[in-house]
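>>> attaching a predicted model along with its sequence, questions to come.
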Amino acid sequence: MVATTTNPTQRVSRPSPYLWVTWLSRLLAGEDSCEWAAWFKGHYKNYEKIRSEYQLSIWQMNHGALLNQLQDQLQSEGKAVFLESQNSFVLRGATASLGGKPDLIALSGNNGTIYDVKTGAPHVSHHIQVMVYQYAIPRALPQYKGITFDGKVVYPDHTVDIPSTAIDEAFIRNLSGLIKRVSSGDPALKVPSPKECQFCDIAPGDCPERVVQKEGREGVTDDF
């Protein structure tokens with residue numbers, strides 16, 4: 001893995017909080033705990049980023065291949081298919097704007113399904129990401145107003161179905177609560193750890209507490 005850093009930039013405050021769906025899904029799933037990372041990215045743009053060019057290129061290649069396969073399958077079934085940027089949305093609320101871009105939306109008559117393809121190991125956050133899309137798309141895009149969407153997470157070897165009934169009051173309450181917390185003017189809870197920091201793109205200049213995994217973190221005892 002080759003880690004790179006973007007050219008140093010001066011971070012800029014957003015006019016109002018803006019949150020991307022994937023920043024929230026792992027928090028809602030309980031796979032991540034650091035709400036501060038979403039808070040920071042929701043309040044600032046043009047910050048210095050850490051990323052892996054190699055991993056990104058491999059992901060794009062594998063993701064594109066699986067998405068193309070899904071597109072061909074659905075079109076062969078006679079469904080209307082809309083891809084990635086065609087599905088980009090912004091849902092504006094009183095405290096923040098929520099943005100996202102589902103991989104694929106398929107329509108057959110008045111029935112709609114939102115698909116997201118994943119090439120890595122399955123995670124609950126993948127399901128929740130699609131659930132947020134199911135909630136947001138009919139509220140954000142006029143052409144889908146009134147359509148109730150099912151969801152599907154497509155992996156290379158299996159598919160997970162998410163019924164429209166999963167978008168219940170409890171889910172909406174949890175999503176709204178998280179958005180309100182990370183949209184607050186006060187910084188959200190910062191929880192640095194090797195597990196989360198290794199996948200975070202916020203550079204040490206903005207997060208001095210960022211943790212780097214080092215050898216020798218294990219302890220030794222004679223008690224067992």
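Cool, the structure landed. Residues are numbered from 1 along each chain as shown.

>>> state the pLDDT value of the residue lying closest to residue 44 once chain neighbours are set aside.
Nearest non-adjacent residue to residue 44, counting by CB to CB, 6 or more residues apart in numbering: residue 11, 4.6 Å away. Quick note: C-beta positions are derived from backbone N, CA and C, even for glycine. In the prediction, the pLDDT value recorded for residue 11 is 91.

>>> test my guess that residue 11 contacts residue 49.
No - Residue 11 is beyond contact range of residue 49, at 10.5 Å (criterion: CB atoms under 8 Å).

>>> near residue 102, how many other residues are there?
Taking other CB atoms under 10 Å as the criterion, the count of residues near residue 102 is 25.

>>> that one is in contact with residue 117, isn't it?
No - counting by CB under 8 Å, residue 102 stays clear of residue 117, with 10.1 Å between them.

>>> right, and the helix or strand after whichever strand or helix holds residue 90?
Applying DSSP states H and E as the criterion places residue 90 in strand 89-92. Next helix or strand after strand 89-92 toward the C-terminus (DSSP H and E): strand 97-100.

>>> off-centre distance for the helix or strand hosting residue 81?
Using DSSP H and E, residue 81 falls within strand 80-83. Chain-centre distance of strand 80-83: 20 Å, with CA atoms, centre = their mean, to the nearest Å.

>>> what's the answer for stretch 187-204, then?
15 Å.

>>> per-residue confidence averaged over the strand holding residue 81?
In the prediction, strand 80-83 has an average pLDDT of 96.

>>> sheet-wise, list the partners of that strand with their directions.
Using DSSP bridges, strand 80-83 pairs in its sheet with strand 104-108 (antiparallel).

>>> and the strand holding residue 90, what does it pack against?
For strand 89-92, the elements it packs on are strand 97-100, helix 124-140, judged by 3 or more CB pairs under 8 Å, 6 or more residues apart in numbering; DSSP states H and E.

>>> can these go into TSV with extra columns for mean pLDDT and distance to residue 176?
Formatted as TSV, these follow (pLDDT from 0 to 100; distance: least, CB to CB, whole Å):
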stretch	mean pLDDT	distance to residue 176
strand 97-100	98	10
helix 124-140	98	10
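
>>> possible to save these as a markdown table with distance to residue 86?
Output for the helices and strands packed on strand 89-92, formatted as a markdown table (distance: least, CB to CB, whole Å):
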| stretch | distance to residue 86 |
| --- | --- |
| strand 97-100 | 13 |
| helix 124-140 | 12 |
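
>>> list the buried residues in the longest helix anywhere in the chain.
The helix spanning the most residues in the chain, taking DSSP state H as the definition, is helix 53-76. Applying a neighbour-count criterion of 16 or more other CB atoms under 10 Å, one finds 66-67, 70-71, 74 buried in helix 53-76.

>>> which one among those gets closest to residue 96?
Closest approach between the buried residues of helix 53-76 and residue 96, by CB to CB: residue 67, at 28.6 Å.

>>> isn't the closest one up against residue 103?
Yes - judged on CB under 8 Å, residue 67 makes contact with residue 103 at a distance of 5.7 Å.
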